[in-house]
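Participant: Turn this into a model:
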Amino acid sequence: MQVGANSLDQHDTIVIGASAGGVDTLAGVCRGLPEDLPAAVLVVQHISPTSRSAMPEILARAGRLPVLPAVDGAPIRRGTIVVAPPDLHLLVSPDGEHINLRRGPQENRTRPAIDPLFRSAAVARGPRVIGVVLSGMLDDGTAGLVAVKACGGISVVQDPEDAAWPDMPRNALLGDSPDYCVPAAELPMLLSRLARTAAAASFPVSPRLLAEARISQQEFASMPPSSGAVGRPSRMSCPACGGVLNEIEDEKLPRFRCQIGHAFGPESLALTQQEALEEALSVAIRTHHDRRQLFLRMRQQAEQRGMRHASRRWQMAAEEAERAASLISSAIGILRSEEAEAVQDGMEPPD
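Facilitator: Got it, this is the predicted structure:
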């Protein structure tokens with residue numbers, strides 16, 4: 001499959017992804033975009049699946065361009081900003097002309113996710129795409145920006161030093177070699193200028209990227225047990241569904257995707273594994289507390305019946321359960337301390 005541009009095409013598709021700290025940054029970008037912007041702007045801001053998104057109203061008040069909530073099947077129009085709704089991936093349709101909304105597998109722990117939008121735009125519109133990663137935690141957007149560049153588009157990252165939460169921009173810098181890394185205040189002028197430049201010629205898209213784009217276009221409820229595996233099987237299981245995680249070599253950083261379609265960057269996977277471990281340890285603590293209560297009750301009954309040997313045995317079991325709960329609580333504290341140190345290390349500038 002070939003995608004992209006002819007000699008008359010410009011960079012008419014701007015895809016922007018943001019997470020923590022991204023609302024104010026997005027508002028500032030929209031405030032600075034000109035009314036005659038010759039590009040469509042598609043926005044994913046991470047949001048709780050149960051929330052009502054106020055992003056269209058916020059961005060509409062901030063800038064001069066019309067801002068619309070995404071509607072499945074709506075045409076993609078230049079000079080318009082479209083915002084992803086809660087709990088649905090915002091995608092560019094395979095024909096490159098329409099919006100698709102899909103409740104597909106979560107990627108990087110979220111839906112809507114940035115990577116599916118960037119990947120779908122890259123496959124459908126190729127060199128016409130400008131991808132922008134803004135403030136946020138973890139690593140959503142890294143793989144998507146790699147896809148944009150792999151299809152001939154332009155990659156832009158907010159300067160991590162300028163971001164309220166630098167993880168996403170920093171990981172995007174580590175995952176590829178973006179074309180631009182600028183403070184948020186410079187983004188409107190940069191995007192307006194780039195949108196008026198000619199796009200490069202089209203070229204074939206890799207089979208792996210096409211396969212991942214097809215996965216994002218499927219509804220989760222109708223997906224087969226294996227939706228089209230990509231990558232090589234690892235020795236890890238998917239924390240979302242328990243299936244085998246395949247490792248995908250993607251430029252400088254690996255990624256992971258299961259056969260159902262859940263996808264993770266390294267940091268997103270590590271945090272999800274930590275949460276699963278903490279939950280398992282918390283269950284173990286509650287179980288030991290319950291066992292202690294049972295043992296104390298059995299000791300009381302043994303004492304009432306004059307069964308001294310049984311009473312001592314139940315008392316020892318209760319004390320052992322209490323010690324086990326205390327040890328597991330200490331393990332959770334160590335786990336959280338190690339995670340805090342890892343986050344602090346991640347705040348250091350890369351070598």
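Participant: Tell me the gap between stretch 159-179 and the middle of its chain.
Facilitator: Remark: stretch 159-179 is offset 14 Å from the chain centroid, using CA atoms, centre = their mean, to the nearest Å.
Participant: Check which residues of it are buried.
Facilitator: 159-160, 162-163, 165-173, 175-176, 178-179 (16 or more other CB atoms under 10 Å). Backbone N, C-alpha and C define where each C-beta goes, glycine included.
Participant: ok, now stretch 43-55?
Facilitator: Going by 16+ other CB under 10 Å, stretch 43-55 has these buried residues: V43, V44, Q45, H46, I47, S53, M55.
Participant: Just the ones of those in helices?
Facilitator: Residues of these located in helices (DSSP state H): M55.
Participant: Adding distance to E320, write the buried residues of stretch 43-55 out as TSV.
Facilitator: Shown next, in TSV, are these (distance: CB to CB, whole Å):
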residue	distance to E320
V43	55
V44	51
Q45	50
H46	44
I47	46
S53	51
M55	53
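Participant: of the buried residues of stretch 43-55, closest to A198?
Facilitator: V43 (24.5 Å; CB to CB).
Participant: The closest one against T80, yeah?
Facilitator: No - look at V43 against T80 with CB atoms under 8 Å: they stay out of range, at 11.0 Å.
Participant: Would you quantify the distance from the residue in the chain sticking out farthest from the centre to A122?
Facilitator: The outermost residue of the chain relative to its centre, with distances by CA atoms, centre = their mean, is G306 at 61.6 Å. Distance of G306 to A122, computed by CB to CB, to the nearest Å: 78 Å.
Participant: Y180 too?
Facilitator: The value you get for Y180 to A122, if CB to CB is used, is 17 Å.
Participant: Tell me which of the two has more neighbours.
Facilitator: Neighbour count, other CB atoms under 10 Å: between Y180 and A122, A122 has more, with 31 against 17.
Participant: Tell me the buried residues in the host helix or strand of the more buried one?
Facilitator: Assigned by DSSP states H and E, A122 belongs to helix 114-125. By neighbour count on 16+ other CB under 10 Å, the buried set for helix 114-125 is I114, D115, P116, L117, F118, R119, S120, A121, A122, V123, A124, R125.
Participant: wouldn't the third one be in contact with G144 here?
Facilitator: By that I understand P116. Yes - between P116 and G144 there is a contact under CB under 8 Å: 7.5 Å.
Participant: any common contacting residues for these two?
Facilitator: When CB atoms under 8 Å, 6 or more residues apart in numbering defines a contact, no residue borders P116 and G144 alike.
Participant: Residues touching the helix or strand that the helix holding A122 is followed by, excluding its own?
Facilitator: Sequence-wise, the next helix or strand downstream of helix 114-125 (DSSP H and E) is strand 129-133. Applying CB under 8 Å, 6+ apart, the external contacts of strand 129-133 come out as 11, 13-18, 39, 114, 118, 121-122, 141-142, 144-145, 148-149, 151, 153-158, 168-169, 172, 187, 191, 194-195.
Participant: any idea of the angle strand 129-133 forms with helix 114-125?
Facilitator: Going by axes from the mean of the first three to the mean of the last three CA atoms, to 10 degrees, strand 129-133 is angled at 170 degrees with respect to helix 114-125.
Participant: now strand 129-133, how far from the chain's geometric center?
Facilitator: That offset, for strand 129-133, works out to 15 Å (CA atoms, centre = their mean).
Participant: same deal with stretch 117-129?
Facilitator: Using CA atoms, centre = their mean, the offset of stretch 117-129 from its chain centre is 18 Å.
Participant: CA atoms only for it, dumped as PDB, please.
Facilitator: In PDB, the C-alpha atoms belonging to stretch 117-129 read as follows (Å, rounded to 0.1, in the frame of the first residue of the first chain):
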ATOM      1  CA  LEU A 117      -4.400   8.500  16.000                       C
ATOM      2  CA  PHE A 118      -0.800   9.200  14.900                       C
ATOM      3  CA  ARG A 119      -0.500   5.700  13.300                       C
ATOM      4  CA  SER A 120      -3.800   5.900  11.500                       C
ATOM      5  CA  ALA A 121      -3.000   9.400  10.100                       C
ATOM      6  CA  ALA A 122       0.500   8.300   9.100                       C
ATOM      7  CA  VAL A 123      -0.800   5.300   7.200                       C
ATOM      8  CA  ALA A 124      -3.700   7.100   5.500                       C
ATOM      9  CA  ARG A 125      -2.100  10.500   4.800                       C
ATOM     10  CA  GLY A 126       1.600   9.700   4.800                       C
ATOM     11  CA  PRO A 127       4.000  12.700   4.200                       C
ATOM     12  CA  ARG A 128       1.100  15.200   4.700                       C
ATOM     13  CA  VAL A 129       1.100  14.600   8.500                       C
END
